[in-house]
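Colleague: My questions are about this predicted structure, shown below with the sequence.
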Amino acid sequence: MSADTAVSEVRSVLAAEGIEVAREPSDGSGRCLERLHGRHPLPRAEAAVRAAFARARSEYGWRTGPDMGAQTLTLAKGNWTVVAPLPGEAAQGLEVPVVMSMMCVDGGGTADGDGASAGPVPSSTAYGSAGGGG
């Protein structure tokens, strides 16, 4: 599956839950990495991310990806794996960061693989900076 298709599907399910994200494409040799980031108000942020992942499974055929612990959600489809740490805490009235890292094994751009993960996502790309910014 192409990067544009994978990103479009993930952005669509997030938008359906009220989460707007920006895309930060990264270039890599033999692998591809996409990063989606946005903000969502508490207390609904975690529920919105969970609902978006459920929607990806039911509407687009994504499946649950590799288990990365209770505080991380994953999806897999074709040659793509999506990793999203659950939103953390923020001060009252502030929005929390919502970050998705998408990795693929580049099989020529549009080839559908068997859904295998491209491997573990480095922690530096899985969540990014939780402080400041913005």
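Modeller: Arrived safely, thanks for sending.

Colleague: distance of the nearest residue to residue 102 once chain neighbours are set aside from residue 9?
Modeller: Spatial nearest neighbour of residue 102, excluding adjacent residues (C-beta to C-beta, 6 or more residues apart in numbering): residue 34 at 4.1 Å. All C-beta atoms are positioned from the backbone trio N, CA, C, and that covers glycine. To residue 9, residue 34 is 12 Å away according to C-beta to C-beta, to the nearest Å.

Colleague: try residue 72
Modeller: In terms of C-beta to C-beta, residue 72 sits 19 Å off from residue 9.

Colleague: And residue 60, by the same measure?
Modeller: 5 Å.

Colleague: between these two, which one's more packed in?
Modeller: With neighbours defined as other C-beta atoms under 10 Å, residue 60 and residue 9 compare such that residue 9 has more, 21 against 16.

Colleague: After the longest helix belonging to the chain, which helix or strand is next? Please name it.
Modeller: The helix spanning the most residues in the chain, taking DSSP state H as the definition, is helix 45-60. Using DSSP states H and E, the helix or strand that directly follows helix 45-60 along the chain is strand 63-64.

Colleague: Since that was my last question, I'll sign off now.
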